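Asker: heads up, no residue letters with this:
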């Protein structure tokens, strides 16, 4: 008989992100939730992943608990293979050594373009202003495959981003290369708190691949600002495992500061 | 009564070079004789000069004796302020931090252009081939004032260099700036085994400033491939001092490998 | 200060020859004692209207005591360039010091976002990679450097980056202009009185910024013998002849962490994160900046020996930081 | 190998996207043991026609044992890129291995100059700064980098450097194309079996070359525990995932010096300096390369324990090299 698991949407988003990581590959890790994803993944699934941080840490093995808000502190820098600086960090990604990048986002559009700068208004007179690119633009430009982690709220999926902070497929197939971005790169997956999206090989359009076990794909996409193509076989994503939840709750974020969110449930 | 000093032309060239150094300034030191000049100068006259080497040593205090042929060895790298690499070394000079550069040369022309690449023939079919630029081109391009150290042989002073390895004033006043080289830079002195030349502020032409005590200025210039302007007051340069000779012969190059040359004499 | 415009965008730019001339004429190569109080370093080398750059962030090895001193001296119309303006952007804007910010990452909390929306501070979007590259261009003495990012993004119109054709492939390549800040603030683990400095751990662009800036103020946790640097030249981050002033500032990164020296003060950081409005901002500034004469009084009266000891004890990760 | 031409000049060039694709597909990120004999490293990763770059020189920390192995394996039509080709250019040309050299500084002695005059080897003049910059461009993934030198000199026609107008000032600026060598040789103080490597002292462009090259062969004086690198990440010069093979090569820089490990062997260097003609060259090569099976046999039969002890003792300057 199926056991029911309770977890927050953030926990689910992190857990399914962690399962996407590929072992023995390099990951350029963005600030915030991507850090937690990388930590969880490295502890449980991909011990030999090499994390790279824009502040110059190559291959650190993070110390827990995670210190909220920080990126360059000793906890996230510990036992690196190499300590350098920002220009060298981006040299690794620009010359093709970074297999994956992982970034958060305020908005995503059908071509996986990311906005993390402002919502509403114009650049000079924004409605609400946020942190902006940081190194996100470089990560999304240089890494072979970019994974976007974003809370599943309909208003975050828009036909056109208010500001194109970090490039997805821009205006469609071939547009990245035409703009001069490195060939063969681009967004790979969008991990949300309810579902997983990929990008169609031909059209480069955001496409629903899978949903959390128990959710109806139609419900998942109905609030989005555009209707994404649906994969022929929408897969089902298991909820967080007991071990994922234990690590997140007891070791990574025991103060429950970062991994808040709305409670959900699904059968294990 | 004047004592007569005996010394080699190389010793004189090194000694008068060492006297030109300005204390508390930065010197980009080229390979070979300039290294000896810098060592002698720092020991006797300018203890607080900061030597910079293209291989990345900032401010070393050389260990004696000098190891012939070497530049990057520990003897010339000892007790540096900072150890970096070549791209950083040239960043220091390119951004204006290097007051002086000092270079050897095969040929020099009236505008202080340096050839250290080949003699005779063409670049593709040279008569005799030598080491070429190394970092000489960067030193002569970036440093505020370049000092050229060259044996006083008439055939080395030519109307036009066979190959323009390291830029002097190119074709005359304003030519460096027009080519895009940093403004206000250029050759400053040419130190030879018989004389000292400068460059006229207006015409930028190589101009005789001084000769070794006892030499006739006309004799000094008569074999040169062009007749340089003569300064109104040609000064007289004293021969090497006993302390200069002692340091050179006993401490810097006791094996007399580097500091060979023709014997000369002058009254002390 | 040299400001240029491309369309709607203003940006700091200086012809490389002008910067070189400054370096030739105004930067001494002599090893002279430069140790001085923060008050003097800031009053001498930071003027109204200056462009300030700093390394790293308010949470990690940021020059927080120098930033507080700038606020205390009520500098005006500053232009800030930084990768991580986590709380600095809010404090400097709230104090009326900064009117323009080149980022990077704009920072935490609602205050700074609100200030941008209200037009109290202008933000230009160079991105972290673009800013680090601008400083590298400045340090390398070239007017620009190329990069294969920024392309296709809205940063091309929110900064003065341009697209050119690569001379070898014809490929479109983005270029950014060199940056020569008026002043760089660098908080370091160790310095000597002449300005030689060591940072342990990673840095963002410490040497680039020191080389590319007109003036460099080092604040250091510890002042060490100059001989230390010559004994171990691989560990020198900044050589003295790039530096104009050295301030001895233990706990200079507080409330942020100094790797391997002390941990960050999370409750204090939470106060910063919580600043939402003008009243909270002015209360914070009064309490932590204006009401104390200097960093030493701040440590004595607002932090206290007990907390400093506790934060030092918490800095248990020391491996590699040397 | 991708060769382009500008007028009379041929130069190695690879579109940055092609290099990136190679890095994606052919360079493993896995920490796998890569320790192997020099014979295997060279036979696996160095092919006829390859472009080889190395750091530093035959007098200082040069990868001399690897270069001898290349000669022993009689590789043909190699293109060498290096700052200081002091004796390497002569040996590789004399052995019939190298036909093109990008410099830098062409080297000592009459042999190499004569070979150039006779047209046995072609030399292209990038200068030290230009070559280091080409590798930096390769490492940074950009097709070119700008510089304010080379301008006005004959290097503009003896290399494929070009002049462009700076997009910000209109100033003429020289640009050089990125360089992506086939193989980089780096001789280091310490490496682990995965390829993490440490160089003590300065280096010319070790990390640039490792990042920009298709294959990287490390030869190391000492093989250390991989844990050493994680304990002290500031001292890592090259991380393992850039590296393809690790060769344990004590005295690998001989007859040059390995700073803080052994001094150069001046009498042997004098033999090299004295090579003037083909007979002397072939005698030297036979004696020191062809007649011994590998580096170990060379050390045993041609150098000897007594001399190695003596050279180690002479390396009395150790301060800072750690």
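Answerer: Sure thing, it's come through. All of these numbers come straight from a predicted model, not from anything done at the bench. Residues are numbered from 1 along each chain as shown, chains lettered A, B, ... in the order given.
Asker: the chain: helices as residue ranges?
Answerer: Assuming you mean chain A. A:9-20, A:33-44, A:86-94, A:136-142, A:175-179, A:217-222, A:242-246 (DSSP state H).
Asker: should've been chain C
Answerer: Per DSSP H, chain C carries helices over the ranges C:16-26, C:38-45, C:64-72, C:88-94, C:110-117, C:127-139, C:155-158, C:206-212, C:227-231, C:266-274, C:278-285, C:295-298, C:305-314.
Asker: quick one on the thing from earlier: quick one: the helices of chain A as JSON lines, columns for distance to chain B and mean pLDDT too.
Answerer: Glycine gets a C-beta too; all of them are placed from N, C-alpha and C. Converted to JSON lines, the helices of chain A look like this (distance: least, Cβ to the nearest Cβ, whole Å; pLDDT from 0 to 100):
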{"stretch": "helix A:9-20", "distance to chain B": "37", "mean pLDDT": "96"}
{"stretch": "helix A:33-44", "distance to chain B": "31", "mean pLDDT": "96"}
{"stretch": "helix A:86-94", "distance to chain B": "11", "mean pLDDT": "98"}
{"stretch": "helix A:136-142", "distance to chain B": "20", "mean pLDDT": "98"}
{"stretch": "helix A:175-179", "distance to chain B": "28", "mean pLDDT": "98"}
{"stretch": "helix A:217-222", "distance to chain B": "51", "mean pLDDT": "96"}
{"stretch": "helix A:242-246", "distance to chain B": "44", "mean pLDDT": "97"}
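Asker: just say which of those is most tucked in.
Answerer: helix A:136-142 (a mean of 30; mean count of other Cβ atoms under 10 Å in any protein chain shown).
Asker: so what secondary structure elements neighbour it?
Answerer: Other elements packing on helix A:136-142 under the criterion 3 or more Cβ pairs under 8 Å, 6 or more residues apart in numbering or on different chains; DSSP states H and E are helix A:86-94, strand A:100-104, helix C:127-139.
Asker: gap between that helix and the chain center?
Answerer: Centroid displacement of helix A:136-142 relative to its chain, using Cα atoms, centre = their mean, to the nearest Å, is 13 Å.
Asker: and stretch C:115-133, by the same measure?
Answerer: 14 Å.
Asker: does chain B sit close to that stretch?
Answerer: No. Counting by Cβ under 8 Å from any Cβ of the partner chain, chain B has no neighbours in stretch C:115-133; the shortest distance is 13.6 Å.
Asker: mean confidence score for that stretch?
Answerer: Here stretch C:115-133 scores 96 as its mean pLDDT.
Asker: buried residues in that stretch?
Answerer: Using 16 or more other Cβ atoms under 10 Å in any protein chain shown as the test for burial, stretch C:115-133 gives C:115-117, C:121, C:123-133.
Asker: returning to that earlier point: and the helices of chain C, which is most packed in?
Answerer: The most buried one of the helices of chain C (mean count of other Cβ under 10 Å) is helix C:127-139, showing a mean of 30.
Asker: let me know the angle separating that one from helix A:86-94.
Answerer: Helix C:127-139 runs at 120 degrees relative to helix A:86-94, counting by axes from the mean of the first three to the mean of the last three Cα atoms, to 10 degrees.
Asker: does helix C:127-139 reach chain A?
Answerer: Yes. With Cβ under 8 Å from any Cβ as the measure, helix C:127-139 is seen reaching chain A through C:127-130, C:132-133, C:136.
Asker: swap in stretch C:103-120?
Answerer: Yes. If you take Cβ under 8 Å from any Cβ as the test, stretch C:103-120 does meet chain A, through C:103-108, C:112-114, C:116-117, C:119.
Asker: how close does the closest residue to chain B within the stretch 51-200 of chain C get to residue D:152?
Answerer: Closest to chain B within the stretch 51-200 of chain C is residue C:141: 3.1 Å, counting by Cβ to the nearest Cβ. Residue C:141 sits 16 Å away from residue D:152 when distances are taken as Cβ to Cβ, to the nearest Å.
Asker: how about residue C:142?
Answerer: From residue C:142 to residue D:152 the distance is 16 Å (Cβ to Cβ).
Asker: where along the stretch 51-200 of chain A do the strands fall?
Answerer: Here the stretch 51-200 of chain A has its strands, by DSSP state E, counting those that start in this stretch, at A:57-58, A:82-83, A:100-104, A:107-108, A:114-115, A:118-121, A:126-129, A:145-150, A:187-192, A:195-199.
Asker: what angle do the last one and strand A:187-192 make?
Answerer: Okay, so that is strand A:195-199. Using the same axes, to 10 degrees: strand A:195-199 against strand A:187-192 is 160 degrees.
Asker: what's the burial count for residue C:201?
Answerer: If you count neighbours by other Cβ atoms under 10 Å in any protein chain shown, residue C:201 ends up with 25.
Asker: and it, how far from residue C:318?
Answerer: For residue C:201, the distance to residue C:318 (Cβ to Cβ) stands at 11 Å.
Asker: which neighbours do these two share?
Answerer: residue C:260 (Cβ atoms under 8 Å, 6 or more residues apart in numbering or on different chains).
Asker: quick one: low-confidence parts of the chain?
Answerer: If you meant another chain, say so; for now it's chain A. Residue ranges of chain A with pLDDT under 70: A:1.
Asker: hmm, no, I was thinking of chain C.
Answerer: The model of chain C has pLDDT under 70 over residues C:1.
Asker: for it, what lies in contact range of chain D?
Answerer: Close to chain D, as judged by Cβ under 8 Å from any Cβ, chain C has residues C:4, C:13, C:15-16, C:140-148, C:162, C:164, C:166-169, C:171, C:173, C:175, C:177-178, C:200-201, C:230-235, C:319-320, C:322.
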